[in-house]
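A.B. asks: What shape does this take:
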Amino acid sequence: MAALRIAIYGKGGIGKSTTSANLAAALADSGYRVLQVGCDPKADSTMLLTHGSRVPTILDAVRSGGEIHLEDIVKVGYGGVLCAEAGGPTPGVGCAGRGVIVALDKLEELRAYEVYNPDVVIYDVLGDVVCGGFAMPLRGVYTDTVYIVTSGEMMAMYAASNIAHAVRGFAGRGYARLGGLILNRRNVKDEREQVERLATEISSELFFDIPRCLEIQDAENAGQTVVEFMPDSEISRLYRELAVRIMEECRS
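C.D. replies: Numbers count the residues shown, from 1 in each chain. You can find the predicted model right below:
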């Protein structure tokens, strides 16, 4: 089976990394071999999978000038999830989007996908600005399907709309398709209705609804995904349901 390749986009701080990590953990618990690649300059996408330990970034390895091996930049986290972080430029110098390009090129150069042979690849991508670098995971050679994490807050929906238009703009070039919106609730007024309206406006759908939940914060304070920290909780069941739905949707 060829790897299913998924990109999770969203505004900074909207919970896309939490969603990605819990999705990866749920898939790993189901027996899938998962590679998660953080494409955010903060390089914190995989921290919940590594109990708070930071994975050395690909950009830092490139800047060091020495020979790079896969084991230097890919670490094993919860459930055997393979964790990589693109990283970013020195603050105030360089382009963060360019860092994503360099990182993904390096993974290709080192044949990471052939060596690890994952069943699922998850790219966790900052979506505040869909410039050339941050749009790179949208390319068909990397991603099949894009999901956008949003809340009902205005700026989160604005970013989601921009990301959706970028996906649609690339549709004719063999790039990834838009799988839908994942609502990560902030409990704003009429939240589901607003996100459903946005989904209609961008010709998509509300794919999944994640409630606001204190257990998620408790798990993060412990440096873990809630899937690991509270496996029998209702929110963990929902993340597992999300994983099943995404696998079914991508395969179809």
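A.B. asks: buried ones in the lowest-mean-pLDDT helix or strand in the chain?
C.D. replies: Ranking every helix and strand in the chain by mean pLDDT, DSSP states H and E puts helix 132-135 at the bottom, with a mean of 76. The neighbour-count check on helix 132-135 (16 or more other Cβ atoms under 10 Å) flags Gly133, Phe134, Ala135 as buried. Every C-beta, even on glycine, is put in place using the N, C-alpha and C of the backbone.
A.B. asks: Of those, which is the nearest to Val226?
C.D. replies: Phe134 (26.9 Å; Cβ to Cβ).
A.B. asks: OK, contacts around the closest one?
C.D. replies: By Cβ atoms under 8 Å, 6 or more residues apart in numbering, the contact set of Phe134 is Cys39, Ala96, Gly97, Val100, Val125, Leu126, Gly127.
A.B. asks: would TSV of those residues with pLDDT and distance to Met154 be doable?
C.D. replies: Below are these laid out as TSV (pLDDT from 0 to 100; distance: Cβ to Cβ, whole Å):
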residue	pLDDT	distance to Met154
Cys39	92	24
Ala96	70	24
Gly97	77	24
Val100	88	26
Val125	93	21
Leu126	87	19
Gly127	83	15
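A.B. asks: Now go through the residues you listed and say which are in strands.
C.D. replies: In strands, defined here by DSSP state E, the members of those are Cys39, Val125, Leu126.
A.B. asks: ok, the buried residues of helix 132-135 vs Asp29, which is closest?
C.D. replies: Nearest member of the buried residues of helix 132-135 to Asp29, counting by Cβ to Cβ, is Phe134, at 29.5 Å.
A.B. asks: Would you check how far apart the closest one and Glu241 are?
C.D. replies: As judged by Cβ to Cβ, to the nearest Å, Phe134 and Glu241 stand 28 Å apart.
A.B. asks: do Ala24 as well
C.D. replies: Separation of Ala24 from Glu241 (Cβ to Cβ) stands at 15 Å.
A.B. asks: The two - which one has more neighbours?
C.D. replies: Ala24 (33 against 12; other Cβ atoms under 10 Å).
A.B. asks: so the more buried one makes contact with Val34?
C.D. replies: Yes - with contact defined as Cβ atoms under 8 Å, Ala24 reaches Val34; the gap is 4.8 Å.
A.B. asks: which residues are in contact with both of these two?
C.D. replies: Taking Cβ under 8 Å, 6+ apart as the criterion, Ala24 and Val34 both touch Gly79, Val81, Val120, Ile122.
A.B. asks: Quick check: of those, which has the highest neighbour count?
C.D. replies: Among the shared contacts of Ala24 and Val34, the one with the most neighbours (other Cβ under 10 Å) is Ile122, at 28 neighbours.
A.B. asks: follow-up on the earlier one: rebuild the contacts of Phe134 as CSV, extending it with distance to Met230 and neighbour count.
C.D. replies: Below are these laid out as CSV (distance: Cβ to Cβ, whole Å; neighbours: other Cβ atoms under 10 Å):
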residue, distance to Met230, neighbour count
Cys39, 28, 30
Ala96, 34, 20
Gly97, 36, 20
Val100, 33, 30
Val125, 27, 29
Leu126, 28, 27
Gly127, 28, 28
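A.B. asks: Which parts of the stretch 1-150 of the chain are helices?
C.D. replies: Remark: helices assigned in the stretch 1-150 of the chain by DSSP state H, counting those that start in this stretch are 16-29, 58-64, 70-73, 96-109, 112-116, 132-135.
A.B. asks: other SSEs contacting the first one?
C.D. replies: Based on contacts counted as 3 or more Cβ pairs under 8 Å, 6 or more residues apart in numbering; DSSP states H and E, the elements that helix 16-29 packs against are strand 4-10, strand 34-39, strand 120-126, strand 177-184, helix 226-229, helix 234-251.
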